[in-house]
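Asks: I'd like to go over a predicted model; first the sequence, then the structure.
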Amino acid sequence: MIGNATWSRWSLVPAVVLTTCPAAMAQRAIPEESKIGGFAIGCQAYTFNRFTAFEAIEKTALAGGKVIEFYPGQSLSPEQPDLKVGHEAPAEVVAILKSKLEEHGIEAVNYGVVGVPEDEQGARKVFEFARAMGLRAITTESVDAIDTLEKLAREYDVAVAFHNHPRRPDDPDYKVWDPKFVADLVEGRDPLIGACADTGHWARSGLEPVECLRILEGRVISAHLKDLDEMGPRGHDVPFGTGACDIRAVLDELEAQGFEGNLSIEYEHDWENNVPAVGQCIGFVRGYAAD
């Protein structure tokens, strides 16, 4: 653990100090042992945002998940709540986090949703964190930074996935809710630039998730997989297969597209006790593969 004195010392230096050699490492494939029925499935740590990152790892393992996607700002552990996960963290936090992941057999795959600045120096911090953690992708909605994101994605061989929140009727400038906008945004870009498909937020926008996936065919890097009790803005998360999002058809479409990314369960309901529901979601994917 990092004591308070160590934290004070490291808070004075740049976050995650690593080599910035120009040679890019190959984009990391998700290991087969981190998959269930051919899908790399686990949790977006935001599912457990009432808890720490350590507890999110533990709960992901308890639910049967194999992978995790971290988000910026989550407290590291109950013992060190003032330490935060993310690209502003000191290098020791990365080491501690990786040790905890290894302890529970969980693979870290993504980081986001994170805002990325257009300036290369600021954006590079995010990619350095991704490299340090051995991540496959960064999840963002920073469309204005796409040129910088593409340049650094190539340099670091870390993919960039544009994520969708629900449509905002009062904010016409918010466009990533629309898969057609994202498809046009990434057209002609490096294959490392694509989409993070949030099925629940599409449903909250009144869109059919399978149709959205088809619009983004070949560009789906990762998914925030959700099933909702009803279509529309009032829908809330329910276990896969019990809601309106037709998760079986979603998995069929991803399989047909040769999807190789991760499925992050982002269960935004029953926040204090959602491990059983997450376990049901993972069980649905396991059962899908057995059919």
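Replies: Perfect, thanks for sending it. Numbering: from 1, shown residues only.
Asks: Any idea how far apart the tips of stretch 184-201 sit?
Replies: Stretch 184-201 has its terminal residues 19 Å apart, counting by CA to CA, to the nearest Å.
Asks: Now do the buried residues in it.
Replies: For stretch 184-201, burial by neighbour count (16 or more other CB atoms under 10 Å) applies to 185-186, 189, 192-201. Every C-beta, even on glycine, is put in place using the N, C-alpha and C of the backbone.
Asks: just stretch 150-162 next, same as before
Replies: Glu150, Leu152, Ala153, Glu155, Tyr156, Asp157, Val158, Ala159, Val160, Ala161, Phe162.
Asks: With the flanking residues excluded, which residue is spatially nearest to Thr199?
Replies: Pro209 (4.0 Å; CB to CB, 6 or more residues apart in numbering).
Asks: Tell me who's in contact with that neighbour.
Replies: Listed by CB atoms under 8 Å, 6 or more residues apart in numbering, the contact partners of Pro209 are Ala197, Thr199, Trp202, Ala203, Cys245, Asp246, Val250.
Asks: all strands of the protein, in order?
Replies: For the chain, the strands defined by DSSP state E occupy 40-44, 67-70, 107-111, 137-140, 159-163, 193-198, 220-225, 262-265.
Asks: Tell me which other helices or strands the last one touches.
Replies: So that's strand 262-265. strand 40-44, strand 67-70, strand 107-111, strand 220-225, helix 275-290 (3 or more CB pairs under 8 Å, 6 or more residues apart in numbering; DSSP states H and E).
Asks: can you redo the ones you listed as TSV with distance to Arg124 and mean pLDDT?
Replies: Shown next, in TSV, are the helices and strands packed on strand 262-265 (distance: least, CB to CB, whole Å; pLDDT from 0 to 100):
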stretch	distance to Arg124	mean pLDDT
strand 40-44	24	98
strand 67-70	18	98
strand 107-111	14	98
strand 220-225	20	98
helix 275-290	34	96
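Asks: Could you dump these into TSV and include mean neighbour count and distance to Met231?
Replies: Formatted as TSV, those follow (neighbours: other CB atoms under 10 Å; distance: least, CB to CB, whole Å):
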stretch	mean neighbour count	distance to Met231
strand 40-44	28	21
strand 67-70	28	25
strand 107-111	26	26
strand 220-225	27	16
helix 275-290	18	19
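Asks: Kindly state which of the ones you listed is positioned closest to Glu120.
Replies: strand 107-111 (18.1 Å; CB to CB).
Asks: Using CSV, list the CA coordinates for that closest one.
Replies: Listed next in CSV are the C-alpha coordinates belonging to strand 107-111 (Å, rounded to 0.1, in the frame of the first residue of the first chain):
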residue,chain,number,x,y,z
GLU,A,107,-8.0,-8.9,-17.1
ALA,A,108,-8.1,-5.1,-17.5
VAL,A,109,-9.1,-4.3,-21.1
ASN,A,110,-10.5,-0.7,-21.4
TYR,A,111,-10.5,2.7,-19.7
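Asks: what's the angle from that strand to strand 40-44?
Replies: If you take axes from the mean of the first three to the mean of the last three CA atoms, to 10 degrees, strand 107-111 sits at 60 degrees to strand 40-44.
Asks: Low-confidence bits of the stretch 1-150 of the chain, can you list those?
Replies: Flagging of the stretch 1-150 of the chain using pLDDT under 70 yields the residue ranges 1-27.
Asks: Thank you kindly, that will do.
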